[in-house]
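Visitor: compute the structure for the input listed below.
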Amino acid sequence: MSAVTYHIADRIATITLNRPEKRNALNGDVVRELRETFAAASADDNVKVVVLAGNGKAFCAGADLDYLQQLQANNLEANLADSRELMLLMQEIYRMEKVVIARIEGDAIAGGCGLATIADLSYAVPDARFGYTEVKIGFVPALVSVFLVRKIGEGRARDLLLTGRLITAEKAAAFGLINEIVPAGTIKDYVQQVAVSLCVDASANSLNVTKKLISAALENPLTEALESAARINAETRQHPDCRKGVGAFLNKLKPDW
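Guide: Numbers count the residues shown, from 1 in each chain. From the prediction side, this is the model:
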């Protein structure tokens, strides 16, 4: 049975962690399979939005216990190569040209909480718990810290990363870690509606460029970010999607995206 399943319908790709017996925990093989699956979605012109989900009671419980034991035997070079695989997965999801939505129907812990952090939009059921528990086992939340500080700010990141505590979905929403809490009985339909709306109501080019603008605003000094934004603004005006959308707006029509 594949550790990751992949399904496409109506321009929406659903990538599902499929290890319910292991609470969808991560190991080297799962990370590589996730990278391959996200790469397939990224390259597929029939895909506009990606939904990441977990099969079973957990979204993702972090690192697999057998995997953690295996890492103890690795030398520095082997651990660095393994760490870079996870780094590439997170970087590729974060920089993906298509919108990534996390549908969280259970606990998102450690690396699993990292996946929720890097998604563009995250929706969770009320009973889901979130946290970065690495410090409690003598480890560090190294990679995810880069994204978490950007997303929720230094103070709240320090709270979660240093204490290793688990927080409720309500607290995660208050921190800005997730976007909304949705009842368990309706979350699949709700996320589907969000994905469909993105497909129908927004230009693929505009979504991609907007993601890049947000990243640039965080990564570049103010003057450089503004100059980049001005150039992107001008270039987007020349794009066929902009001409199509503005033309439709001026003629009181709905553009077909």
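
Visitor: okay, CA-based contacts and neighbour counts for the rest of this
Guide: Fine.

Visitor: which strands or helices does the helix ranked longest in the chain pack on?
Guide: For the chain, the longest helix by residue count, based on DSSP state H, is helix 76-94. Applying 3 or more CA pairs under 8 Å, 6 or more residues apart in numbering; DSSP states H and E, one finds that helix 76-94 contacts helix 28-43, helix 111-118.

Visitor: just send those helices back as CSV, with distance to residue 127 too.
Guide: Compiled in CSV, those are given as follows (distance: least, CA to CA, whole Å):
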stretch, distance to residue 127
helix 28-43, 25
helix 111-118, 14
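
Visitor: show me where this protein has its helices.
Guide: Per DSSP H, the chain carries helices over the ranges 28-43, 65-71, 76-94, 111-118, 142-152, 154-163, 169-175, 187-201, 204-219, 222-237, 240-250.

Visitor: CA atoms only: put the fourth one into PDB for me.
Guide: By that I understand helix 111-118. Extracted in PDB, the C-alpha atoms of helix 111-118 (Å, rounded to 0.1, in the frame of the first residue of the first chain):
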ATOM      1  CA  GLY A 111       6.900  17.600  11.300                       C
ATOM      2  CA  GLY A 112       3.200  17.200  10.700                       C
ATOM      3  CA  CYS A 113       2.700  20.600  12.200                       C
ATOM      4  CA  GLY A 114       5.400  21.800   9.900                       C
ATOM      5  CA  LEU A 115       3.400  20.600   6.900                       C
ATOM      6  CA  ALA A 116       0.400  22.600   8.200                       C
ATOM      7  CA  THR A 117       2.700  25.600   8.700                       C
ATOM      8  CA  ILE A 118       4.000  25.800   5.100                       C
END
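
Visitor: which other helices and strands does it contact?
Guide: Helix 111-118 sits against strand 58-60, helix 76-94, strand 99-104, helix 142-152, with contacts defined as 3+ CA pairs under 8 Å, 6+ apart.

Visitor: who wins for proximity to residue 166 among those?
Guide: strand 58-60 (13.7 Å; CA to CA).

Visitor: who does that closest one pair up with?
Guide: Using DSSP bridges, the strands paired with strand 58-60 are strand 107-109 (parallel).

Visitor: buried set for the strand it pairs with?
Guide: By 16 or more other CA atoms under 10 Å, the buried positions in strand 107-109 come out as 107, 108, 109.

Visitor: mind listing residues that contact that strand?
Guide: 57-62, 116, 127-133 (CA atoms under 8 Å, 6 or more residues apart in numbering).

Visitor: count the neighbours of residue 173 for me.
Guide: Residue 173 has 17 neighbours, counted by other CA atoms under 10 Å.

Visitor: so it touches residue 167, yeah?
Guide: No. In this structure, residue 173 is not within contact of residue 167 by CA atoms under 8 Å, at 10.0 Å.

Visitor: in the chain, where is pLDDT below threshold?
Guide: 1 (pLDDT under 70).

Visitor: geometric centre of it: which residue is closest?
Guide: Per CA atoms, centre = their mean, the C-alpha nearest to the average position across the chain is that of residue 119, at 1.8 Å.

Visitor: what sits against it?
Guide: With contact set as CA under 8 Å, 6+ apart, residue 119 has these partners: 93, 94, 100, 101, 102.

Visitor: quick one: contacts for the second one?
Guide: Residue 94 sits next to 118, 119, 120 when contact means CA under 8 Å, 6+ apart.

Visitor: make CSV out of these and add distance to residue 185.
Guide: Shown next, in CSV, are the contacts of residue 94 (distance: CA to CA, whole Å):
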residue, distance to residue 185
118, 25
119, 22
120, 23
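
Visitor: between those residues, which is nearest residue 16?
Guide: For these, the minimum distance to residue 16 (CA to CA) is 13.9 Å, reached by residue 119.
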